[in-house]
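*Asks:* Sequence first, then the predicted structure:
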Amino acid sequence: MKIRSSPFNSSVQILIIMGVSGSGKTTIGTLLAKDLGWSFYEGDNFHSQKNINKMTCGVPLTDADREPWLQALRQLIEELIITSEHAVISCSALKQGYRDVLAANSPRIGFVYLKSSDSLIRERLSKREMHFMNEVLLESQLHELEEPDDALILDPAFPPQFLISQIKKNLEF
(Lines give C-alpha, C1' and ligand atoms only; values in the text may rest on other atoms or scores of the structure.)
Protein backbone atom coordinates (compact mmCIF):
# COMPACT_ATOMS: atom_id res chain seq x y z
CA MET A 1 0.00 0.00 0.00
CA LYS A 2 1.29 3.42 -0.91
CA ILE A 3 0.51 6.22 1.51
CA ARG A 4 2.07 9.60 0.96
CA SER A 5 1.98 12.40 3.45
CA SER A 6 -1.65 13.39 3.81
CA PRO A 7 -3.02 15.22 0.77
CA PHE A 8 -5.87 16.46 2.95
CA ASN A 9 -6.07 19.70 4.84
CA SER A 10 -8.34 20.70 7.70
CA SER A 11 -10.94 22.23 5.39
CA VAL A 12 -11.76 19.03 3.46
CA GLN A 13 -15.51 18.47 3.54
CA ILE A 14 -15.95 16.33 0.41
CA LEU A 15 -14.02 13.16 -0.33
CA ILE A 16 -14.09 11.65 -3.79
CA ILE A 17 -13.30 7.94 -3.80
CA MET A 18 -11.86 7.25 -7.25
CA GLY A 19 -10.54 4.35 -9.29
CA VAL A 20 -11.53 2.03 -12.09
CA SER A 21 -14.70 0.00 -11.99
CA GLY A 22 -14.50 -2.81 -9.46
CA SER A 23 -11.91 -1.13 -7.25
CA GLY A 24 -14.35 -0.82 -4.36
CA LYS A 25 -15.39 2.83 -4.61
CA THR A 26 -19.00 2.23 -3.62
CA THR A 27 -18.17 -0.19 -0.83
CA ILE A 28 -15.52 2.01 0.74
CA GLY A 29 -17.48 5.21 0.09
CA THR A 30 -20.66 3.88 1.69
CA LEU A 31 -18.87 2.51 4.74
CA LEU A 32 -16.74 5.63 5.17
CA ALA A 33 -19.73 7.98 4.90
CA LYS A 34 -21.63 5.92 7.46
CA ASP A 35 -18.64 5.86 9.81
CA LEU A 36 -18.14 9.63 9.54
CA GLY A 37 -21.84 10.47 9.62
CA TRP A 38 -21.52 12.11 6.19
CA SER A 39 -23.78 11.80 3.15
CA PHE A 40 -22.87 9.37 0.40
CA TYR A 41 -23.44 9.93 -3.31
CA GLU A 42 -22.94 7.23 -5.94
CA GLY A 43 -21.37 8.86 -8.99
CA ASP A 44 -22.87 6.28 -11.34
CA ASN A 45 -26.33 7.61 -10.48
CA PHE A 46 -25.44 10.86 -12.25
CA HIS A 47 -24.93 9.22 -15.66
CA SER A 48 -27.55 9.85 -18.31
CA GLN A 49 -29.64 6.93 -19.54
CA LYS A 50 -27.88 7.33 -22.90
CA ASN A 51 -24.48 6.76 -21.24
CA ILE A 52 -25.78 3.81 -19.25
CA ASN A 53 -27.16 2.26 -22.44
CA LYS A 54 -23.79 2.72 -24.19
CA MET A 55 -21.89 1.11 -21.36
CA THR A 56 -24.42 -1.72 -21.06
CA CYS A 57 -23.70 -2.49 -24.72
CA GLY A 58 -19.96 -2.55 -23.98
CA VAL A 59 -19.24 0.79 -25.69
CA PRO A 60 -16.72 2.96 -23.81
CA LEU A 61 -17.69 6.55 -23.09
CA THR A 62 -15.88 9.42 -24.76
CA ASP A 63 -14.85 12.65 -23.09
CA ALA A 64 -17.87 14.29 -24.73
CA ASP A 65 -20.14 11.60 -23.25
CA ARG A 66 -18.68 12.19 -19.80
CA GLU A 67 -18.93 15.99 -19.86
CA PRO A 68 -22.61 16.25 -18.76
CA TRP A 69 -21.95 13.63 -16.08
CA LEU A 70 -18.99 15.57 -14.73
CA GLN A 71 -21.00 18.79 -14.79
CA ALA A 72 -23.84 17.13 -12.85
CA LEU A 73 -21.35 15.96 -10.23
CA ARG A 74 -19.75 19.41 -10.14
CA GLN A 75 -23.18 20.95 -9.53
CA LEU A 76 -23.73 18.53 -6.65
CA ILE A 77 -20.34 19.46 -5.19
CA GLU A 78 -21.12 23.18 -5.44
CA GLU A 79 -24.43 22.62 -3.62
CA LEU A 80 -22.67 20.63 -0.91
CA ILE A 81 -20.09 23.37 -0.42
CA ILE A 82 -22.75 26.11 -0.28
CA THR A 83 -24.73 24.18 2.34
CA SER A 84 -21.54 23.16 4.23
CA GLU A 85 -22.56 19.51 3.96
CA HIS A 86 -19.87 16.88 4.38
CA ALA A 87 -20.04 14.09 1.81
CA VAL A 88 -18.32 11.14 0.22
CA ILE A 89 -18.74 10.69 -3.54
CA SER A 90 -17.77 7.61 -5.54
CA CYS A 91 -16.54 8.55 -8.99
CA SER A 92 -14.05 6.97 -11.37
CA ALA A 93 -12.40 10.38 -12.02
CA LEU A 94 -10.03 8.64 -14.44
CA LYS A 95 -8.29 11.69 -15.90
CA GLN A 96 -6.65 14.68 -14.30
CA GLY A 97 -8.93 16.92 -16.37
CA TYR A 98 -11.98 15.21 -14.85
CA ARG A 99 -10.59 15.70 -11.35
CA ASP A 100 -9.91 19.35 -12.16
CA VAL A 101 -13.56 19.81 -13.14
CA LEU A 102 -14.75 18.10 -9.96
CA ALA A 103 -12.41 19.89 -7.57
CA ALA A 104 -12.27 23.32 -9.27
CA ASN A 105 -9.19 24.09 -7.14
CA SER A 106 -11.24 23.92 -3.95
CA PRO A 107 -9.31 23.01 -0.80
CA ARG A 108 -12.56 21.48 0.49
CA ILE A 109 -12.25 18.49 -1.84
CA GLY A 110 -9.90 15.55 -1.38
CA PHE A 111 -9.33 12.43 -3.45
CA VAL A 112 -8.76 8.84 -2.34
CA TYR A 113 -7.46 6.63 -5.15
CA LEU A 114 -8.18 2.92 -4.82
CA LYS A 115 -5.32 1.47 -6.82
CA SER A 116 -5.74 -2.22 -7.38
CA SER A 117 -4.11 -5.04 -9.25
CA ASP A 118 -5.72 -5.97 -12.55
CA SER A 119 -6.34 -9.49 -11.26
CA LEU A 120 -8.37 -8.31 -8.25
CA ILE A 121 -10.43 -5.97 -10.43
CA ARG A 122 -11.13 -8.68 -13.00
CA GLU A 123 -12.15 -11.10 -10.26
CA ARG A 124 -14.56 -8.58 -8.75
CA LEU A 125 -16.08 -7.61 -12.09
CA SER A 126 -16.61 -11.25 -13.06
CA LYS A 127 -18.86 -11.62 -10.00
CA ARG A 128 -20.97 -8.55 -10.70
CA GLU A 129 -24.59 -8.89 -11.63
CA MET A 130 -27.06 -6.24 -12.76
CA HIS A 131 -24.48 -3.47 -13.29
CA PHE A 132 -23.85 -1.68 -16.57
CA MET A 133 -20.09 -1.50 -16.08
CA ASN A 134 -18.47 -4.84 -16.74
CA GLU A 135 -15.16 -6.50 -17.50
CA VAL A 136 -15.47 -5.65 -21.20
CA LEU A 137 -15.12 -1.93 -20.41
CA LEU A 138 -12.26 -2.37 -17.95
CA GLU A 139 -9.61 -2.17 -20.68
CA SER A 140 -10.89 1.24 -21.79
CA GLN A 141 -10.82 2.51 -18.21
CA LEU A 142 -7.28 1.25 -17.65
CA HIS A 143 -6.24 2.91 -20.91
CA GLU A 144 -7.85 6.23 -19.90
CA LEU A 145 -6.57 6.22 -16.30
CA GLU A 146 -4.17 8.99 -15.36
CA GLU A 147 -3.02 8.18 -11.86
CA PRO A 148 -3.26 11.14 -9.49
CA ASP A 149 -0.28 12.56 -7.66
CA ASP A 150 -2.37 14.53 -5.17
CA ALA A 151 -4.51 11.78 -3.70
CA LEU A 152 -4.32 9.35 -0.84
CA ILE A 153 -3.45 6.07 -2.58
CA LEU A 154 -4.73 2.87 -1.02
CA ASP A 155 -4.79 -0.76 -2.12
CA PRO A 156 -8.36 -2.11 -2.03
CA ALA A 157 -7.06 -5.64 -1.48
CA PHE A 158 -6.91 -4.68 2.21
CA PRO A 159 -10.05 -5.10 4.34
CA PRO A 160 -12.52 -2.20 4.11
CA GLN A 161 -12.24 -1.26 7.79
CA PHE A 162 -8.47 -0.96 7.47
CA LEU A 163 -8.88 1.34 4.45
CA ILE A 164 -11.42 3.46 6.31
CA SER A 165 -9.06 3.78 9.26
CA GLN A 166 -6.29 4.94 6.92
CA ILE A 167 -8.56 7.54 5.34
CA LYS A 168 -9.70 8.81 8.73
CA LYS A 169 -6.11 8.92 9.96
CA ASN A 170 -5.20 11.12 7.01
CA LEU A 171 -8.24 13.31 7.68
CA GLU A 172 -7.02 13.54 11.27
CA PHE A 173 -10.36 12.26 12.58
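*Replies:* The structure has been received and is ready for your questions.

*Asks:* helices and strands around the helix or strand containing residue 73, which ones?
*Replies:* Residue 73 belongs to helix 63-82 when assigned by DSSP states H and E. Packing partners of helix 63-82 (3 or more CB pairs under 8 Å, 6 or more residues apart in numbering; DSSP states H and E): strand 14-18, helix 49-56, strand 87-90, helix 96-103. C-beta here means a position set from N, CA and C on the backbone, and glycine is covered the same way.

*Asks:* can you do 7 Å?
*Replies:* Helix 63-82 is packed against helix 49-56, helix 96-103, with contacts defined by 3 or more CB pairs under 7 Å, 6 or more residues apart in numbering; DSSP states H and E.

*Asks:* you'd agree residue 70 is up against residue 99?
*Replies:* No. Applying CB atoms under 7 Å, one finds residue 70 not in contact with residue 99, separated by 9.6 Å.

*Asks:* among the helices and strands packed on helix 63-82, which is nearest residue 14?
*Replies:* helix 96-103 (8.9 Å; CB to CB).

*Asks:* State the distance from residue 88 to residue 169.
*Replies:* 16 Å (CB to CB, to the nearest Å).

*Asks:* Show the model's pLDDT score for residue 106.
*Replies:* For residue 106, the pLDDT comes out at 91.

*Asks:* For it, give me its contacts.
*Replies:* Residues near residue 106 by CB atoms under 7 Å, 6 or more residues apart in numbering: residue 81.

*Asks:* Residue 95 too?
*Replies:* 144, 146.
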